[in-house]
Every structure is written in structure tokens, then in C-alpha cells.
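K.L.:
The following comprises the amino acid sequence and a computationally predicted model.
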Amino acid sequence: MLDGLGTKVAPVEPVLRDFNGLTMRRIALVELGNSPQAMPYTERKVDRGAVFFWDAGKRVYELVDSTGKAYVMQALCIGVDPKISEAVLPSLGSRLAVPEGWSYRTRLLDEELVVDTTSTMATVLQDEFENSYTLPY
């Protein structure tokens, strides 16, 4: 999961909303297209205008599609399985129903991984536990 998050390139007026007394700030827009329902392993474009960092020497968790594209986990979700934690991520692959030709892997980074989406749309997807992954290139 992320070790750091950079800011947007240009300051923007924050969009704030109140949810039962909890004020939230919008940080990204997700293009849902014609399929707004959650669909695991389906790419979505996100306008987040941010830079994500994973430190060298850190363990990352990746989904690899049938063409070899590797999506790195950016966020762990406890909404589907409240018992999921970072400690179980090395073995998460055995619980995933990945599409044919896909795989789940873990590795240690030799160097810092930087995903810069300040001038492009981010490509993200989720697994069936709603963990989020981003395409680093």
C-alpha cells in the first residue's frame, strides 16, 4: 500500500460534502461509463491529479493481467472482509477469483515506485474484496 501521496499540480477549490456530520473532501473523479456497478478486474479511469509513492525495499502486492500488465495495490479495503489486514496480503492470491490468465504476486521493490498522474488519468481496478490497484505506467 502507499507510502506517500503528493499534491495536485494546481490548487483547486475543495469540494466538501457532509455525510451525517462527517465532512468529506472530494479528491478524485471516477469515470464509470455505462457500467456504474462494481465490477472486479475492470479498468476504470480516475482523474486524481496526484503522485503516489512506494518506497524502495517495501513489499508491494500486484495483480498481473493476461498481457503482463501489473497493477500495484494502492489501498486495502475492510468493507467486504473486516478481518482483512496487511498481514494477510502475502497469501491473498489464494482467495482471489482472478480472470483466466491473471495472477496475484508480491515482491520487494528494488527502487522507489512513483505513479505520477498529475497530467494524465489514472488507470485503476479493484478485486472482489474492493482492494484498489493502480497501473504504474
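P.N.:
Perfect, I can see it now. Residues are numbered from 1 along each chain as shown.
K.L.:
backbone phi and psi for Leu89, please?
P.N.:
phi -60, psi -30 (degrees, to the nearest 10).
K.L.:
What degree of burial does the residue nearest to it when sequence neighbours are not counted show, as a neighbour count?
P.N.:
Once flanking residues are discounted, Leu89 sits nearest to Tyr61: 5.0 Å by CB to CB, 6 or more residues apart in numbering. To be clear about C-beta, it is placed using only N, CA and C from the backbone, and glycine gets the same treatment. Here the number of neighbours of Tyr61 (other CB atoms under 10 Å) works out to 22.
K.L.:
and Tyr61, bridged to which residues?
P.N.:
Thr106 (DSSP bridges).
K.L.:
Report the contact partners of it.
P.N.:
Taking CB atoms under 8 Å, 6 or more residues apart in numbering, we find Tyr61 in contact with 1, 72-73, 89-90, 92, 104-106.
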